[in-house]
Structure formats: C-alpha cells, structure tokens
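Trainee: my questions concern the predicted model and sequence given below.
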Amino acid sequence: MKGSLRLDILTKTFDDLPVGVGIFEIPDLEDIESIRYVFMNKVLLYEMRKEREEVFGKRIVEVAPEAYQHEGGLYVINTYFKVAAEGGSINLGLVEYSNHMVAGTYECSVHHIQDNYVYVMLRNVTELEQAKNDLERKNKDLSNFAHMVSHDLKDPLNTISSLIELIKMQFEDKLGAEGNQLISFIYDSAKRMRNLINDILEFSSIGQHKEMTQLDCNELVDIVQQDLKTKIKDNNASIEVGDLPEINGYRTEMRLLFQNLVSNAIKFNRPGESPKIKISAREEDGWTFTVEDNGIGIAEENQEKIFSIFQRLHDRSEYEGTGIGLAHCKKIIDLHKGEIWVNSEPGKGSTFSFTIPK
C-alpha cells in the first residue's frame, strides 16, 4: 500500500543498523528455558558467529547453551524475563559474552515491546575497553615515572641547597657584592627547582588511589580560606562565598582546585586594587561553579593555553610560580568528568567556571 512501511523495508533497516538488535519471545514466564530468538540483525549474528537458520525461531538453550552455564549469562536472561513481565527498559551496562568461537565485552540494554516480547540492543566495546585499559596503564606508568624521577632529583637538589647555604655562611665576607649576588641567584634557582619538583609530584598524584565521597563545598572553601589566611590578609583580599552545594567528588583534589583558583585570583590582582573574589554555584544538568575576580584579566588568545602544564603568561620577576596551577585544575576537573573554562578581558578581571556532574 502506498505510504505504508513494508515489512521487508523494516527488516532491512534493522538488519543494517551499526549496533546489534535482537528480538526475543518468552512464551512461558515461569520457564527460563522457554525464551527463543525471533530476529537477530547482521551485527548480532556476526557476534554470535551464527547463520540465520541456526538462530531464528530456536530457543537460546538450543543455540547458546553456554549462556546458562555462567553467572553473567543467567543474569542477562533473567533480565529478559524481568522486562517481559514488568515492562520498561533496563540498561545492563557492560556485559561479557563468550562461546567457543568468540569472546568480548558489550554494552547491553533490554527493552519491552509487548506482552512476552522484548528486544535487546548490543554494541561491541571490546577494543574500546582494551584501549581504555591500555591508556590507564600507560598513564599509571607515566605517573610512576614522574614520581620516581622527581624523588630522585630531590636528593642532589637538597645537597646543592645545603652547600650554597654553607658557602654563604662561611665565605660571605670574602665573596664580595658580586659573588654574593651570584650565590643568591643559584639559591633562588634551586628554590624554584624544588617548587617545580613538588608541583610535578602533586600533579602526578592527582586521582591516584582515591575514592569519591560526599563533599560539602562550603566546608572545603572555608578550609582553603584558613590555609590562605596570611596571603588573604597581606593582600587585603575579600572573598564572597555563595551557597555552595554538596557534591560527589575527590576531597583532596577539590580542595586543591579551589585553593589554586583563589590563590591565582589574589596573585594576579591589579596594582593598587585589593583583590575581590566571588565564589558561587548554580544547578543545571549538574553543578556549574564560578570563581570571579577583579584582577588583571587574560587575553582571549591565551584563554585556552593557560590550562596546559608549564604555561606562563608573565615573567617570573612579575609573578612567581611554576605555571602548573591551572593544569592541576584541568586535570582535577577531567578526573570528575567535568569541564573548565575562563571568560576574561584584560584589565577587567576573570571568571573561571567549571562543571561537576551529579
């Protein structure tokens, strides 16, 4: 009939989908072995390494008896029965499937069609999971390497610093003005190197061996203000804190995030003006936090690069630091599956925003 959707067109559409789609009939909700295949598209048939005639109309127990022989398979089959009886949909997340020809990891969800019928959607993520595991392993190896090298650098650096202090104590009168100035340059360089090593160690440890907990962000910001009490007082800074939410996050990392943003807001203030900082949050799909300041601002062309490690926009003679603080912030937000960005204009302050999913 003109304008109607023929069954062959519908079947071909499902058959050619890039994800696996299968339809099951459960004629007897009391008999776990009664479930049978009605339709499997090309993707599912390939994953099973089966032909149509081996599957269509047959019971799972006849075609894939291995599904009944391990806990994961029984869990999936029982989910088919649950959805068939109660309706709705259930997302099973990642499941494992294997037979004598294939083994893999799949994203799986089960959906109600009508009484005694359900359909399943399946996507093979074996390679993605393997790539994810490989990336996690490489990141861990890189983190361990950075930790090891940083620790190994500390010992000779401490020796250099100690020798510099000893030379200054014993020979200060004999070195003269130029010699003492050179010693001061060496000492300051060693101090910057120590700070850099400590920052690298801190950066490499973000998210290592930690668990998410429920966090009161108002409490975290209070702790940050106590930690920065001297810096706040010396710079005559004022901090206005709104009603911040409780979130699910990593405590140490979130405290470090707020500390870095507040410290930067104090550090990069406009000459002759006291830093004014406002911290707030609003609820959207998740939580969006903002840290607003009245500082020197950031040019548009630099607003992305500042979140990269060791990126400095100013000479050390103007502003101290290793250029790693905002990279810390980016890594912490990535750890929480959020985003971070800045809106700013030179001479008119900056507003750093970041999101934390619920």
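Mentor: Looks like it arrived, so ask away.
Trainee: counting neighbours, what do you get for D173?
Mentor: Other residues near D173 come to 7 when the count uses other CB atoms under 10 Å. Bear in mind the C-beta positions are built from the backbone N, C-alpha and C, glycine included.
Trainee: how much space separates it from N180?
Mentor: 9 Å (CB to CB, to the nearest Å).
Trainee: how about K229?
Mentor: 34 Å.
Trainee: also N264?
Mentor: Between N264 and N180 the distance is 33 Å, computed by CB to CB.
Trainee: need the contact list for F39.
Mentor: By CB atoms under 8 Å, 6 or more residues apart in numbering, the contact list for F39 reads 11, 14, 21-23, 56.
Trainee: so what touches stretch 246-257?
Mentor: So stretch 246-257 is contacted by 202, 206-207, 210-217, 220, 223-224, 287, 328-329, 332-333, 335-336, 354, 356, 358 (CB under 8 Å, 6+ apart).
Trainee: pLDDT value on Q208, please?
Mentor: Looking at Q208, its pLDDT is 60.
Trainee: so what pairs up with R282 in the strands?
Mentor: Following DSSP bridges, R282 is listed with bridge partners T288.
Trainee: do I have it right that it meets T288?
Mentor: Yes - between R282 and T288 there is a contact at 5.4 Å, judged by CB atoms under 8 Å.
Trainee: residues contacting stretch 121-140, please?
Mentor: Contacts for stretch 121-140 (CB under 8 Å, 6+ apart): 19-22, 43-44, 47, 94, 104-109, 111.
Trainee: can you give me the buried ones in that stretch?
Mentor: For stretch 121-140, burial by neighbour count (16 or more other CB atoms under 10 Å) applies to 121-122, 124-125.
Trainee: helices and strands of this structure: which one has the lowest mean pLDDT?
Mentor: Ranked by mean pLDDT, DSSP states H and E, the weakest helix or strand in the chain is helix 126-205, scoring a mean of 72.
Trainee: can you list the weak-confidence ranges in the protein?
Mentor: 1-6, 97-103, 129, 135-136, 138-154, 192, 195-210, 309-323 (pLDDT under 70).
Trainee: what domains does the record give for it?
Mentor: 7-124, 126-205, 209-358 (automatic domain parsing).
Trainee: circling back: more neighbours: N264 and N180, which one.
Mentor: N264 (22 against 16).
Trainee: surely the more buried one meets V342?
Mentor: No - the criterion here is CB under 8 Å, and N264 misses it with V342 at 10.3 Å.
Trainee: mutual contacts of the two, please.
Mentor: Common contacts of N264 and V342 (CB under 8 Å, 6+ apart): none found.
Trainee: which residue packs closest to K42, ignoring adjacent ones?
Mentor: Leaving out its chain neighbours, the residue that sits closest to K42 by CB to CB, 6 or more residues apart in numbering is D15, at 5.4 Å.
Trainee: list phi and psi for the one you found.
Mentor: Main-chain dihedrals, D15, degrees, to the nearest 10: phi -60, psi -30.
Trainee: so it versus R49, what's the distance?
Mentor: Taking CB to CB, one finds D15 at 17 Å from R49.
Trainee: these two - which one has more neighbours?
Mentor: Neighbour count, other CB under 10 Å: between D15 and R49, D15 has more, with 16 against 11.
Trainee: chain center to the strand of greatest length in the chain, what's the gap?
Mentor: In the chain, taking DSSP state E as the definition, the longest strand is strand 103-114. Put simply, strand 103-114 sits 26 Å off its chain's centre (CA atoms, centre = their mean, to the nearest Å).
Trainee: C-alpha coordinates for it, CSV please?
Mentor: Taking C-alpha atoms only, strand 103-114 is exported to CSV below (Å, rounded to 0.1, in the frame of the first residue of the first chain):
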residue,chain,number,x,y,z
ALA,A,103,34.7,-13.6,23.5
GLY,A,104,34.1,-9.9,24.1
THR,A,105,32.7,-7.0,26.1
TYR,A,106,29.4,-5.4,25.1
GLU,A,107,27.2,-2.5,26.1
CYS,A,108,23.7,-4.1,26.6
SER,A,109,20.2,-2.8,27.2
VAL,A,110,16.9,-4.7,27.3
HIS,A,111,13.5,-3.1,26.3
HIS,A,112,9.9,-4.1,26.4
ILE,A,113,7.9,-4.5,23.2
GLN,A,114,4.6,-6.1,24.3
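Trainee: by how many degrees do whichever helix or strand comes after it and strand 103-114 diverge?
Mentor: Going down the chain from strand 103-114, the next helix or strand is strand 117-124, by DSSP states H and E. Interaxial angle of strand 117-124 relative to strand 103-114 (axes from the mean of the first three to the mean of the last three CA atoms, to 10 degrees): 150 degrees.
Trainee: where does N116 fall, phi/psi-wise?
Mentor: Per-residue torsions, N116: phi 70, psi 10 (degrees, to the nearest 10).
Trainee: meant to ask about M212, not that
Mentor: Given degrees, to the nearest 10, the pair of backbone angles that M212 has is phi -70, psi 140.
Trainee: contacting residues around it?
Mentor: Contacts of M212 by CB under 8 Å, 6+ apart are 248-250.
Trainee: sounds good, over and out.
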